[in-house]
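Novice: Below: sequence and its predicted model.
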Amino acid sequence: MTSAIIFLVVVVVLIAFVAGIYNRLVTFKNRYKNAFAQIDVQLKRRYDLIPNLVETAKGYIKHERETLEAVVSARNQASAARAGAAASPGDPDSMKGLLGAEGALTGALGRLMAVVEAYPDLKADQQMSQLMEELTSTENKVSFARQSYNDSVMVFNTACETFPNLLIAGPMGFKQAMLFEIDVPEQREAPKVSF
């Protein structure tokens, strides 16, 4: 009788231990998903600003159609990649797609900024100045949201890798999440805006 009670107590303690680890991993996973949702909000805001920026520039830089089309195309690709990453935050394939699309968009915006510099009337346009200011502000917000996401992913990944959590994380389907890292040095900086 006592051995049955001891066995039952050990089983209950073991189940509680596993449940505790599982619940902690779920909490950490939800934190990094929430942190990515904050990035998602800022990226969407950024993508919503770009068509207005392009429309404002169109009136001034008629001979730079290729640059404007590149920005619109890069924006559309980044928006599609953002939707994919939002559906599965932390997934390496989704994040790589988003990072690649973001790199292309940053490059296209950089080329647009170089063109804007060549047109003094466009540079002086009040609407263009306001849009550029909003874009810069959004870039800063994306940076802060990315830092929060990466911190949350680091906590989650560490929890998955440490003992005894790793004994439960793998079998329960918890996989390492991917950081939102920027590989290209030019992408590490927000587009330069000077008026």
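Specialist: Looks like it came in fine.
Novice: isn't residue 92 right next to residue 181, touching?
Specialist: No: contact criterion Cβ atoms under 8 Å: residue 92 and residue 181 do not qualify, at 11.5 Å. C-beta here means a position set from N, CA and C on the backbone, and glycine is covered the same way.
Novice: pLDDT below threshold where in the protein?
Specialist: By pLDDT under 70, the low-scoring segments of the chain are 183-195.
Novice: what do you get if the cut-off is 50, keeping everything else the same?
Specialist: Across the chain, the ranges flagged by pLDDT under 50 are 186-188, 191, 193-195.
Novice: so where does the spatially most central residue of it fall, helix or strand?
Specialist: To find the centre residue of the chain, average its C-alpha atoms and take the closest one (Cα atoms, centre = their mean): that gives residue 39, at 4.7 Å. Taking DSSP states H and E as the definition, one finds residue 39 inside helix 2-58.
Novice: Now do that helix: which elements does it pack against?
Specialist: With contacts defined as 3 or more Cβ pairs under 8 Å, 6 or more residues apart in numbering; DSSP states H and E, the packing partners of helix 2-58 are helix 65-87, helix 92-117, helix 126-161, helix 165-169.
Novice: could you redo those helices as CSV and give each row distance to residue 14?
Specialist: What follows is those, written out as CSV (distance: least, Cβ to Cβ, whole Å):
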stretch, distance to residue 14
helix 65-87, 35
helix 92-117, 33
helix 126-161, 19
helix 165-169, 11
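Novice: hey, which of these is tucked in deepest?
Specialist: Highest mean neighbour count among the helices and strands packed on helix 2-58 (mean count of other Cβ atoms under 10 Å): helix 92-117, with a mean of 19.
Novice: Just give me how far that one sits from the chain centre.
Specialist: Its chain's average C-alpha position is 13 Å from that of helix 92-117, according to Cα atoms, centre = their mean, to the nearest Å.
Novice: counting contacts, what elements does it pack onto?
Specialist: So helix 92-117, by 3+ Cβ pairs under 8 Å, 6+ apart, packs with helix 2-58, helix 65-87, helix 120-124, helix 126-161.
Novice: what's the angle from that helix to helix 65-87?
Specialist: Relative orientation of helix 92-117 versus helix 65-87 (axes from the mean of the first three to the mean of the last three Cα atoms, to 10 degrees): 150 degrees.
Novice: so residue 141 makes contact with residue 44?
Specialist: No: the pair formed by residue 141 and residue 44 falls short of the contact definition of Cβ under 8 Å, at 11.4 Å.
Novice: what is in contact with those two at once?
Specialist: Counting by Cβ atoms under 8 Å, 6 or more residues apart in numbering, residue 141 and residue 44 have no shared contacts at all.
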